[in-house]
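Novice: give me a model of this one.
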Amino acid sequence: MIGMLKGIVAALGPDGIVLDVNGVGYLVGVGSGTLSRLEPGQSVTLHIETYVREDAFKLFGFLDDVERAWFVHLQNVQGVGAKAAFAILDTSPVSEIANAAALGDKATFSRAKGVGPKLAARIATELKDKAPPQGRSFSIGLPVHETGTPSAAAAVPASAPAPSDTSSGLREDAVSALLNLGYHETHARQAVATVLRQDGDAPGLNDLIRLSLKELAP
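Specialist: Residues are numbered from 1 along each chain as shown. Next comes the predicted model:
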């Protein structure tokens, strides 16, 4: 499977691009938010989600691997396909989607084009008690944005790490997950610290992340 492509944008279409990778043109589907940030001749690195079906082989690309992870996570809900997942990601930033999932806020999902009230409610209900997805773990130096700054996904394990034996380790794991979702480190640490102070018994990692997201909700 293809996990990442780095090349030159050869052409733009209404819902995808042709990415020239060493002379081979890959047709990659992207959301409108990603499409608006690309132009022909631009050098770009895309995190790829590969879909293989009996009658199709499709590539979907993202500038941030956490967006790719949410693209997959959203489609775990019955009735959400690639089109709806893209619509949700195009409508709201990942941090807002994570808050909406943690709080069971269907209003955020219903703003997406093509996502009706019933589907929005189902998404909010099914994702409420699930830990947010995390990006793949890349080797240092691979996932670099156009600014030259390593992607936040590079610093976070591909799956939720096991809780540490110490509160310090648990705290750092939760902070790393929140940073991966796009939160400022100061705000992430404050939220995690608040949850740990309020909860007499140290929660598990998934619960700590979920409760911290509630603290960060506006």
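Novice: per-domain residue ranges of this structure.
Specialist: 4-62, 67-127, 152-216 (automatic domain parsing).
Novice: most tightly packed of those?
Specialist: domain 67-127 (a mean of 19; mean count of other CB atoms under 10 Å). Placement of C-beta: from N, CA and C, glycine included.
Novice: got a list of contacts for stretch 71-80?
Specialist: With CB atoms under 8 Å, 6 or more residues apart in numbering as the test, stretch 71-80 has contacts from 49, 60, 62, 81-82, 84-86, 88-89, 119, 122-123, 126-127, 130, 132-133.
Novice: let's see that with 7 Å instead.
Specialist: With CB atoms under 7 Å, 6 or more residues apart in numbering as the contact definition, stretch 71-80 has outside contacts at 49, 60, 62, 81-82, 85, 88-89, 119, 122-123, 126-127, 133.
Novice: for this protein, what spans make up the strands?
Specialist: 4-12, 16-21, 24-29, 43-53, 56-62 (DSSP state E).
Novice: how about those strands in CSV, adding mean pLDDT and distance to residue 70?
Specialist: As requested, the strands of the chain are exported to CSV (pLDDT from 0 to 100; distance: least, CB to CB, whole Å):
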stretch, mean pLDDT, distance to residue 70
strand 4-12, 96, 17
strand 16-21, 96, 19
strand 24-29, 96, 15
strand 43-53, 92, 11
strand 56-62, 92, 9
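Novice: and these as a markdown table, adding distance to residue 171?
Specialist: A markdown table is the format used below for the strands of the chain (distance: least, CB to CB, whole Å):
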| stretch | distance to residue 171 |
| --- | --- |
| strand 4-12 | 31 |
| strand 16-21 | 40 |
| strand 24-29 | 38 |
| strand 43-53 | 28 |
| strand 56-62 | 29 |
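Novice: wait, which of these is closest to residue 37?
Specialist: strand 43-53 (8.8 Å; CB to CB).
Novice: so what strands line up beside that closest one?
Specialist: strand 4-12 (antiparallel), strand 56-62 (antiparallel) (DSSP bridges).
Novice: got the angle for that strand vs strand 24-29?
Specialist: Here the directions of strand 43-53 and strand 24-29 differ by 70 degrees (axes from the mean of the first three to the mean of the last three CA atoms, to 10 degrees).
Novice: show me the contact partners of strand 43-53.
Specialist: Against strand 43-53 from outside (CB under 7 Å, 6+ apart): 1-6, 8-9, 19, 28, 38, 58-63, 65, 68, 71-72, 143-144, 146.
Novice: do stretch 206-218 as well
Specialist: Taking CB under 7 Å, 6+ apart as the rule, stretch 206-218 contacts 98-99, 102-103, 131-132, 160, 170, 174, 177-178, 183, 187, 191-192, 194-195, 203.
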